[in-house]
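Novice: no sequence on this one, just coordinates:
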């Protein structure tokens, strides 16, 4: 297993399946009376959030607590960061407190990478979303959800067709999902207006479509991305209404999907914008389940990164 | 159990087969009948195997008890990886499946099944794992091979074979389901 989780591209096929298999075991915990495992007893997990986030932070917090870790929540607002402290000094503070894992969300792409590679801290770094770059645990929970519904919860996603719709340009969720779905063998189509596709998308292992109606009848899973108003400082499309018409998932488009297809959304949703009310609450919408799976997947990541020794296994094992 | 799961070092040489398929069958039959006899039937039994090989052995024992008693006995598996005391000494390992029968273990007699009893640390971990799942009326331990060298005050209730070993040796169980053959071999470390 890799020492840090910075990008979904860091996971090879074996590691990705290992995380999903481990998450499946973690998920059985919710049936038990004592929803706690001792794997991270005595370890400290720091949630270092420079950007607002409720669901991701709560999800990581629940995951760490279910593994019996001590959790420290650190949000930039109201902390010394708002007084001008640098990432380095924050990191050195965390190191001095003995953080075994640092879960970081940052508005700047690459901040988790800097934290992991600069040698400021010994602990494992988990990227919980950096700028418009990556959000690997979201991709893992999406893959876990798809696998559970369409592959009986085992193996990889080979041969499945996944359509990702919306603001691919600003979406770290899309970027991480493309990497991971490709690693797991799924065929990915991204659908967006040309203005919301990044430069170089032709290099990605995806098919690009400007029309949502074309790939729908062939899709096993549709992932709707949030229209990120806070990242839109230019006119990327004429009007919200036009976007919704052309790229929103409504009931008519829902009916074009195969019987078994599932609808996903990383949340928070703009109901009526990228996804219609009736679709969001549809039987085949797995959006609420994605949240529950998020905790299991993050438990798996934390366990695999910090549950064991951080040193590589010696070749000869002492019995 | 640890011993059989570890990859032998390059210097290990394969030693004699200490139990062959026939011996294993007899050991399982013996253990199954002891379990029934002690439980006076199979009313409140739950058989839980410790993955990987203990879980397979638990299935075989449950099948024998069912054949003798004429009704199914709840069987499952109990992964102890996260309860091990050496968890932090190795890189994180893949978890085995934990499958608890739907009726749970509260108030029942749980029989833990493992392949080899050695230090007793795996069983200690299993007892802690059980504690998080419920409150059994009693817990019993069945192992195919007891090779000695206990490091904790733990003993087995049902033993297929007592096998005197040196600490440096490795007892390795192979089962048809995953290894293609039923046998138990003793491996000696080279040069020790």
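Specialist: Yep, it's here. Worth saying up front: this structure is predicted, and the values here are computed from it rather than measured.

Novice: just so I have it, where are all the helices in chain A?
Specialist: For chain A, the helices defined by DSSP state H occupy A:13-27, A:55-66, A:87-96, A:111-117, A:136-150, A:172-183, A:240-247, A:251-254, A:277-280, A:287-302.

Novice: and those helices as a markdown table, adding mean neighbour count and mean pLDDT?
Specialist: Every C-beta, even on glycine, is put in place using the N, C-alpha and C of the backbone. As requested, those are exported to a markdown table (neighbours: other C-beta atoms under 10 Å in any protein chain shown; pLDDT from 0 to 100):
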| stretch | mean neighbour count | mean pLDDT |
| --- | --- | --- |
| helix A:13-27 | 20 | 96 |
| helix A:55-66 | 21 | 96 |
| helix A:87-96 | 16 | 91 |
| helix A:111-117 | 21 | 95 |
| helix A:136-150 | 25 | 98 |
| helix A:172-183 | 25 | 97 |
| helix A:240-247 | 16 | 91 |
| helix A:251-254 | 14 | 95 |
| helix A:277-280 | 16 | 96 |
| helix A:287-302 | 23 | 96 |
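
Novice: Which one, of the ones you listed, ends up nearest to residue B:180?
Specialist: Checking those against residue B:180 by C-beta to C-beta gives helix A:13-27 as the closest, at 23.1 Å.

Novice: what does that closest one rub up against?
Specialist: A:1-2, A:11, A:37, A:66, A:140-141, A:143-144, A:147-148, A:153, A:155-156, A:180, A:183-185, A:293, A:295-297, A:299-301, A:303-304, B:79, B:94-98 (C-beta atoms under 8 Å, 6 or more residues apart in numbering or on different chains).

Novice: Now do it against helix A:287-302, angle only.
Specialist: With axes from the mean of the first three to the mean of the last three C-alpha atoms, to 10 degrees defining the directions, helix A:13-27 sits at 110 degrees from helix A:287-302.

Novice: so residue B:26 is in which element?
Specialist: Following DSSP states H and E, one finds residue B:26 within helix B:21-39.

Novice: quick one: buried residues of that helix?
Specialist: B:23-24, B:27-29, B:31-32, B:34-36, B:39 (16 or more other C-beta atoms under 10 Å in any protein chain shown).

Novice: Greatest separation within these: which pair is it?
Specialist: Pairwise over the buried residues of helix B:21-39, using C-beta to C-beta, the maximum falls at B:23 and B:39, 24.5 Å.

Novice: Please render the buried residues of helix B:21-39 as a markdown table that adds distance to chain A to the earlier fields.
Specialist: Formatted as a markdown table, those follow (distance: C-beta to the nearest C-beta, whole Å):
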| residue | distance to chain A |
| --- | --- |
| B:23 | 24 |
| B:24 | 22 |
| B:27 | 23 |
| B:28 | 25 |
| B:29 | 30 |
| B:31 | 25 |
| B:32 | 27 |
| B:34 | 29 |
| B:35 | 26 |
| B:36 | 29 |
| B:39 | 25 |
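
Novice: Let me have those in JSON lines, extended by pLDDT.
Specialist: Shown next, in JSON lines, are the buried residues of helix B:21-39 (pLDDT from 0 to 100):
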{"residue": "B:23", "pLDDT": "95"}
{"residue": "B:24", "pLDDT": "96"}
{"residue": "B:27", "pLDDT": "96"}
{"residue": "B:28", "pLDDT": "97"}
{"residue": "B:29", "pLDDT": "96"}
{"residue": "B:31", "pLDDT": "97"}
{"residue": "B:32", "pLDDT": "96"}
{"residue": "B:34", "pLDDT": "96"}
{"residue": "B:35", "pLDDT": "96"}
{"residue": "B:36", "pLDDT": "94"}
{"residue": "B:39", "pLDDT": "89"}
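
Novice: Between the helices of chain A, which one is closest to residue B:127.
Specialist: helix A:13-27 (19.5 Å).

Novice: Report the angle between the closest one and helix A:55-66.
Specialist: Using the same axes, to 10 degrees: helix A:13-27 against helix A:55-66 is 70 degrees.

Novice: For residue A:258, state which of the buried residues of helix B:21-39 is nearest.
Specialist: Distance to residue A:258, by C-beta to C-beta, is smallest for residue B:28 among the buried residues of helix B:21-39, at 47.6 Å.

Novice: Now for the closest residue in space to the closest one that isn't next to it in sequence, how many residues are close by?
Specialist: Leaving aside its sequence neighbours, residue B:28 sits nearest to residue B:60 (C-beta to C-beta, 6 or more residues apart in numbering or on different chains; 5.5 Å). Per other C-beta atoms under 10 Å in any protein chain shown, the neighbour tally for residue B:60 reads 23.

Novice: what distance separates stretch A:172-183 from the middle of the whole chain?
Specialist: 9 Å (C-alpha atoms, centre = their mean, to the nearest Å).

Novice: residues contacting residue 80?
Specialist: No chain was given, so I picked chain A. Contacts of residue A:80 by C-beta under 8 Å, 6+ apart are A:89-90.

Novice: nope, chain B
Specialist: B:50, B:122, B:125-126, B:128-129.

Novice: any idea which of these is the one closest to residue A:163?
Specialist: When the contacts of residue B:80 are compared against residue A:163 (criterion: C-beta to C-beta), the nearest one is residue B:129, at 41.7 Å.

Novice: follow-up on the earlier one: mind putting the helices of chain A into a markdown table with distance to residue A:270?
Specialist: Below are these laid out as a markdown table (distance: least, C-beta to C-beta, whole Å):
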| stretch | distance to residue A:270 |
| --- | --- |
| helix A:13-27 | 28 |
| helix A:55-66 | 15 |
| helix A:87-96 | 31 |
| helix A:111-117 | 26 |
| helix A:136-150 | 17 |
| helix A:172-183 | 14 |
| helix A:240-247 | 9 |
| helix A:251-254 | 16 |
| helix A:277-280 | 10 |
| helix A:287-302 | 13 |
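
Novice: Looking at those helices, spot the one closest to residue B:154.
Specialist: Residue B:154 sits nearest to helix A:13-27 of all the helices of chain A, at 25.3 Å, using C-beta to C-beta.

Novice: List the residues that contact residue A:116.
Specialist: Residue A:116 neighbours (C-beta under 8 Å, 6+ apart): A:3-4, A:6, A:125.

Novice: So what's the residue count around the closest residue to it other than its chain neighbours?
Specialist: Nearest residue to residue A:116 in three dimensions, chain neighbours excluded: residue A:125, at 3.9 Å (C-beta to C-beta, 6+ apart). Neighbourhood size, residue A:125 [other C-beta under 10 Å]: 25.
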